[in-house]
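Enquirer: A structural model of the following input is requested.
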Amino acid sequence: MPTRTARTAWNGSLETGGGQVELSSSKLGTYDVSFPKRAAETANGFTSPEELLAAAHSACYAMQFSAVLGAAGGTVEALDVKADVSLGADPAGGFRLSGIHLTVRGEVTGIDEATFLAAATEAKATCPVSKALTGVEITLDAQLES
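Expert: Numbering: from 1, shown residues only. So this is what the prediction gives:
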């Protein structure tokens, strides 16, 4: 399996500096980052490690969930996966990821709701990004839609 690469160029202090995150492997883009924007309620054109992690987690979970549903006999028509990654104070000092909440809505034929929910939970546990983030509480809201 391949290794993917991103890099960040940073200038200045934490409080007044800023940087650019480059998606090096795909060459899809370069995105601005800054700590004040990271800690603000509105991002205003800047991304953050939490948003990038949310993108990675939602994509990984969607892939894993699709595989688990297929193995359970389901046919995936559509999955809509959202990951909310929260940054909070660390009691030991500084900051930490304080939680990740996955929300998934799926249109899947060939399975019942109980199978869908079991597959959703299995995918949360077996998604490689979820495995990498075992130190963070990950919650799940899954719903089969018709």
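Enquirer: in the helix or strand where residue 123 lies, what's buried?
Expert: Using DSSP states H and E, residue 123 falls within helix 113-126. For helix 113-126, burial by neighbour count (16 or more other C-beta atoms under 10 Å) applies to 115, 116, 119, 120, 122, 123, 124. Every residue, glycine included, has its C-beta placed from N, CA and C.
Enquirer: Look up how far residue 40 lies from the second one.
Expert: To tie it back to what came earlier, the one meant is residue 116. From residue 116 over to residue 40 the distance is 37 Å, taken as C-beta to C-beta, to the nearest Å.
Enquirer: Return the set of buried residues in the helix or strand bottoming out on mean pLDDT in the chain.
Expert: Taking mean pLDDT, DSSP states H and E as the measure, the helix or strand of the chain with the lowest value is helix 35-39, at a mean of 92. The neighbour-count check on helix 35-39 (16+ other C-beta under 10 Å) flags 35, 37, 38 as buried.
Enquirer: Same question for stretch 1-9.
Expert: Under 16+ other C-beta under 10 Å, stretch 1-9 has no buried positions.
Enquirer: how far does it sit from the chain's center?
Expert: Computed by C-alpha atoms, centre = their mean, to the nearest Å, the chain-centroid distance of stretch 1-9 equals 17 Å.
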